[in-house]
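[1] dropping a prediction and its sequence here:
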Amino acid sequence: MKGKFLTIMLMLLFTQQLFAQIAMDKTEADGQRIICTYYKTSGVPGLSFSLNSGTIPVLNDTIWELDIKVISNVKKTMSIGRKLLLKLTDDSIIELSNTNEIDLLDNEYELVGSSITYFVYPKYDISKSDLERIISLGVKKIRMEFNTNEYTMETKNKISKILTKAYSDIQNAYKVQKDIHSDF
């Protein structure tokens, strides 16, 4: 079931809209519900964020996933398990691990004139409690580990504002009961 969730997430990676928050709210025939948000620009150069959630009724569990669109002028690679460090405003650190392999062929690109911009999409499973800590305390600094380098950036709490809105929108969506017949 988690594979189905990730497959749908990959389909959504290629869509970016800045005016709407929920990209998809779908209920499968088996009762699994998937809610995804669009990538939001973060005010942090080179990064956009998406928060996604899926419920698995059989396990009585909700999965949370933080996806990041990384924009770069060089190709990036990232092995499974590479770290994302989020330093909160109380100086505590949340450490997340990348859950998908990114190799050179996974780099999407956009050509504008003679300039090439590359895009990759690391994914990080995140617990509800860590997500709520990010929302309540705020993120002041991030460090993302790639195979060949690290990316460190002060965030001025912009990431938590995006995640607060996304989390709220997803929580509100869960309040509306849906099944396979909804929106048919």
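    Perfect, I can see it now. Numbers count the residues shown, from 1 in each chain.
[2] from now on I want contacts and neighbour counts done on CA atoms only, so please keep to that.
    Fine.
[3] please name the bridge partners of the residue nearest the centre of the chain.
    Closest residue to the average C-alpha location of the chain: Asp67 at 1.9 Å, with C-alpha atoms, centre = their mean. Assessed by DSSP bridges, Asp67 has beta-bridge partners Ser50, Lys123.
[4] quick one: the helix ranked longest in the chain to chain centroid distance?
    Identified as the longest helix of the chain according to DSSP state H is helix 158-174. Averaging C-alpha positions (C-alpha atoms, centre = their mean, to the nearest Å) puts helix 158-174 12 Å from its chain's average.
[5] neighbours of Ile63, how many?
    Using other C-alpha atoms under 10 Å, Ile63 has 16 other residues around it.
[6] who touches the host helix or strand of it?
    Secondary-structure element containing Ile63, defined by DSSP states H and E: strand 61-72. With contact meaning C-alpha atoms under 8 Å, 6 or more residues apart in numbering, strand 61-72 is reached by 39, 46-56, 117-128.
[7] looking at the residue nearest to the centre of the chain now. What's its pLDDT?
    With respect to pLDDT, Asp67 has a value of 90.
[8] ok, the one 10 residues further on next?
    Predicted confidence (pLDDT) for Thr77: 93.
[9] surely Asp106 meets Val120?
    Yes: counting by C-alpha atoms under 8 Å, Val120 is a contact partner of Asp106 at 6.8 Å.
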